[in-house]
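> Show me how the following folds:
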Amino acid sequence: MSIALPPSADALKTATWDDVAPYYEELATRHLDKNNVEEWLADWSAFEALLNEASTVANFAYSCNTADPEREEARLRFFSEIEPKAEEQRSRLQARLVNLDYMRPGLETMVRRFRNQLEIFNEANVPLFAQLARLSTEWAKVIGAMTVEWEGQDKTPPQMQPYLEEQDRGVRERAFRAMYRPYIEQRGALADLFNRMYDVRVQVAKNAGFDNFRDYMHKEKNRFDYTPDDCFRFHESVEVAVQPVVKRLMERRRKLLGVDRLRPWDIAVDPKGRTPLRPYKDIDEFVDQTRFVFEKVHPDFRVNFEKMAGAGLLDLQNRKGKSPGAYCDWLPTKGLPLIFMNGVNVDDDVRTLLHESGHAFHVFETNRIPLIFQRHPGSEMAEVASMSMELLAGPYVDRKHGGYYSDEDAPRSRRWLLERTLTFFSHCASVDALQQWIYTSPEGRDADARDRKWLELRRRFEGDAVDWSGLEAERVARWYYQPHFFDYPFYYIEYGIAQLGALQVWRNSLTDREGAVRKYREALALGATRPLPELYEAAGARLVFDPDGMRELVELAEEELATLDG
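The predicted model follows:
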């Protein structure tokens with residue numbers, strides 16, 4: 001480049017847009033032809049890696065402590081000042097490449113994405129994206145400050161989860177109600193925040209020439225290989241193929257618990273009256289155990305996990321002031337991922353860490369791909385990486401493999417993993433269907449109508465296996481509890497599509513574990529250099545929306561469940 005790159009992402013830690021703009025301007029004005037395009041792409045990619053890493057560090061720091069005003073300011077600077085304007089400049093650079101009509105093997109998906117993004121870009125949306133970033137930060141601050149009073153102590157809502165596993169049904173009920181109480185109390189504030197986000201999103205779609213935000217987001221997410229109608233097919237297939245299996249699982253649970261009606265606080269407790277699974281004494285032990293589990297899947301996974309741990313890129317424990325949820329992000333110049341989660345010493349923590357580590361291993365597998373634009377394949381394949389890792393690592397959670405549980409308890413954890421895999425589909429369909437409705441319905445901005453629609457969808461996809469009578473407020477609160485509605489709109493159907501891909505990877509591993517892991521890694525290493533169907537094919541899977549394909553996989557999981565825990 002004629003303008004020297006910063007020496008590291010740390011040099012951009014306090015950058016403003018005025019510091020960043022010259023790099024984009026140089027790339028936008030440099031002479032470009034087919035003789036120097038590869039050098040130009042490499043320079044652009046190198047700068048994006050630096051900026052991406054600086055932004056990731058700021059977001060990670062804020063997620064870890066939403067009460068710190070300096071971290072909040074840094075996140076806002078990147079996401080509301082720099083990122084929207086950078087997106088505008090990226091559009092200029094994408095247009096340069098597209099107009100050059102340059103192509104070589106491996107760039108097909110990248111160029112197709114560039115063309116797609118150019119079609120939806122509108123300069124009027126730049127300040128709107130900045131506004132959405134500020135609203136997202138405001139939402140995270142509200143959620144991060146939530147506490148509940150429990151036996152004389154302030155706890156976060158996620159810290160109620162261990163009490164949902166207590167054998168005392170009264171304790172479970174109190175914990176369940178306490179977990180959702182802050183969301184019920186702040187429903188008005190959260191609904192108002194959502195309305196403000198809704199208004200901006202609708203305007204973004206309108207500016208880009210779309211009738212609604214759903215259609216805009218479908219294109220914005222580069223969903224080339226399936227349509228909104230396929231999403232509706234997915235919803236219907238869940239009703240037909242998954243709901244009967246889940247109903248049988250819930251009936252088994254009800255009988256084992258010996259209750260007339262299964263209530264929502266009866267779902268996480270061990271139905272045979274055994275003590276709750278507690279996978280670790282402290283976070284250090286949790287990390288230590290996990291590296292041995294990954295070694296059994298493949299030694300390279302242990303090496304990579306230890307690289308993250310050694311670099312201080314794991315923040316795993318829940319505490320007041322932390323942003324909710326869990327995620328994996330990446331530091332592209334260092335070639336390292338990081339993991340954020342809210343562990344509270346329950347079995348679900350195991351699943352979460354295995355899941356996010358699958359994302360992390362995806363990052364390691366794509367490090368060899370030269371251009372940053374070629375690395376991330378989209379969420380549908382990224383979630384195959386994470387969900388497959390949950391299932392591939394499942395057989396090694398016992399202590400004889402260095403894991404978390406005794407020989408007696410390990411099958412309970414494996415059973416819970418498969419049960420949650422199956423029950424997840426109903427939740428996935430509910431979340432996607434509500435978003436589809438919100439952004440295509442004239443009632444989408446009506447808070448009461450949204451709540452009523454959520455209740456209708458829960459009844460549709462969950463059936464009557466669990467009795468929610470008298471708990472309408474808590475059931476409504478569940479959608480306010482889901483961060484994707486607020487922070488990642490329309491990022492959810494990917495989980496369902498990917499779960500079906502992961503079940504196929506797992507199915508293959510039952511007869512050829514080594515081969516399944518090899519194909520899994522080969523597929524991840526392709527990054528975004530192939531279309532989505534080809535990435536699934538490389539992993540030994542296919543895209544599934546039909547009830548027959550879904551039924552085959554969920555019934556295989558049900559058969560496996562019959563071999564676990566009696």
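> Show the pLDDT at Ser323.
On pLDDT, Ser323 comes in at 87.
> tell me the SS of it?
coil (DSSP: H, G, I helix; E, B strand; the rest coil).
> Identify the residues contacting the closest residue in space to it that isn't next to it in sequence.
In this structure, Ser323 finds its nearest non-sequential neighbour in Ser63, 4.1 Å apart by Cβ to Cβ, 6 or more residues apart in numbering. All C-beta spots, glycine's among them, are computed from the backbone N, C-alpha and C. Residues in contact with Ser63, defined by Cβ atoms under 8 Å, 6 or more residues apart in numbering, are Ala140, Asp315, Lys322, Ser323, Tyr327, Phe340.
> do Pro158 as well
Pro158 makes contact with Met179, Asn318, Pro324, Asn342, Val344, according to Cβ under 8 Å, 6+ apart.
> doesn't the residue nearest to Ser323 fall inside a strand?
No - using three-state DSSP, the assignment for Ser63 is helix, not a strand.
> out of the contacts of Ser63, who's nearest Gly515?
Nearest to Gly515 among those: Tyr327, at 30.3 Å, using Cβ to Cβ.
> okay, now the closest one: neighbour count?
16 (other Cβ atoms under 10 Å).
> repeat for Ser91
Neighbour count for Ser91, taken as other Cβ under 10 Å: 18.
> Isn't it up against Glu119?
No - if you go by Cβ atoms under 8 Å, Ser91 and Glu119 don't touch, sitting 10.4 Å apart.
> Overlap in contacts, those two.
If you check Ser91 and Glu119 against Cβ under 8 Å, 6+ apart, no residue is contacted by both.
> for this protein, which strand is longest?
Using DSSP state E, we find that the single longest strand of the chain is strand 336-343.
> Identify the residues contacting the residue positioned nearest the centre of the chain.
In the chain, the centroid-proximal residue (Cα atoms, centre = their mean) is Tyr327; its distance is 6.2 Å. Contact partners of Tyr327, counting by Cβ under 8 Å, 6+ apart, are Ser63, Ile339, Phe340, Met341, Glu356.
> Which member of these is positioned nearest Ser388?
Comparing the contacts of Tyr327 against Ser388 with Cβ to Cβ places Glu356 closest, at 13.0 Å.
> now the strand or helix carrying the closest one: how far from the chain's centre is it?
Glu356 is part of helix 347-366 when elements are defined by DSSP states H and E. Centroid separation for helix 347-366 versus its chain: 11 Å, with Cα atoms, centre = their mean, to the nearest Å.
> what packs against that helix?
Packing contacts for helix 347-366, counted by 3 or more Cβ pairs under 8 Å, 6 or more residues apart in numbering; DSSP states H and E, involve helix 283-297, helix 299-310, strand 327-331, strand 336-343, helix 379-393, helix 410-438, helix 513-525.
> Parallel or antiparallel, which strands does the third one pair with?
The partner list of strand 327-331 in its sheet, established with DSSP bridges, is strand 336-343 (antiparallel).
> can you list the weak-confidence ranges in this protein?
1-2, 565-566 (pLDDT under 70).
> ok, which stretches of this structure are strands?
148-150, 153-155, 314-317, 327-331, 336-343.
> List the buried residues in the third one.
This points to strand 314-317. The neighbour-count check on strand 314-317 (16 or more other Cβ atoms under 10 Å) flags Leu314, Asp315, Leu316 as buried.
> Return the distance of it from the chain's centre.
The answer for strand 314-317 is 16 Å, by Cα atoms, centre = their mean.
> picking that back up, which one of the helices and strands packed on helix 347-366 lies nearest to Leu12?
strand 327-331 (12.5 Å).
> That closest one to helix 347-366, inter-axis angle?
Angle, strand 327-331 to helix 347-366, by axes from the mean of the first three to the mean of the last three Cα atoms, to 10 degrees: 30 degrees.
> relative to helix 299-310, how tilted is strand 327-331?
80 degrees.
> deepest of the helices and strands packed on helix 347-366, which one?
When the helices and strands packed on helix 347-366 are scored by mean count of other Cβ atoms under 10 Å, the highest mean neighbour count falls to helix 379-393 (a mean of 25).
> Just list what that helix packs against, helices and strands only.
Judged by 3+ Cβ pairs under 8 Å, 6+ apart, helix 379-393 is in contact with helix 283-297, helix 347-366, helix 410-438, helix 493-511, helix 513-525, helix 532-538.
> returning to what we had before: which of the buried residues of strand 314-317 lies closest to Lys281?
Using Cβ to Cβ, Leu316 is the member of those that sits closest to Lys281, with 13.6 Å.
> Next, find the distance separating Trp454 from Arg263.
As for Trp454, its distance to Arg263 is 19 Å (criterion: Cβ to Cβ, to the nearest Å).
> Going by how many neighbours each has, rank these two and give me the top one.
For Trp454 and Arg263, the more surrounded residue by other Cβ under 10 Å is Trp454, and the numbers stand at 24 against 19.
> From what I see, that one and Val431 are in contact.
No - using Cβ under 8 Å, Trp454 makes no contact with Val431, being 9.3 Å away.
> Can you check which residues contact both of these two?
Common contacts of Trp454 and Val431, defined by Cβ under 8 Å, 6+ apart, comprise Trp479.
> Next up, the contacts around Asp548.
When contacts are counted by Cβ under 8 Å, 6+ apart, Asp548 touches Ala241.
> How much space separates the residue nearest to Arg414 when sequence neighbours are not counted from Met387?
Excluding its sequence neighbours, the residue lying closest to Arg414 (Cβ to Cβ, 6+ apart) is Gly394, at 5.0 Å. Plainly put, Gly394 is 11 Å away from Met387 if you go by Cβ to Cβ.
> got a list of what Leu12 touches?
For Leu12, the contact set (Cβ under 8 Å, 6+ apart) comprises Pro6, Asp19, Val20, Leu50, Leu51, Ala54.
> farthest-separated two in those?
Asp19 and Leu50 (11.6 Å).
> Run through who's touching stretch 389-404.
Under Cβ under 8 Å, 6+ apart, the answer for stretch 389-404 is 279-280, 286, 289, 291-297, 350-351, 354-355, 357-358, 361, 405-407, 409-410, 413-414, 417-418, 421, 502-503, 505-506, 509, 513, 516-517, 520.
> Understood, closing this out.
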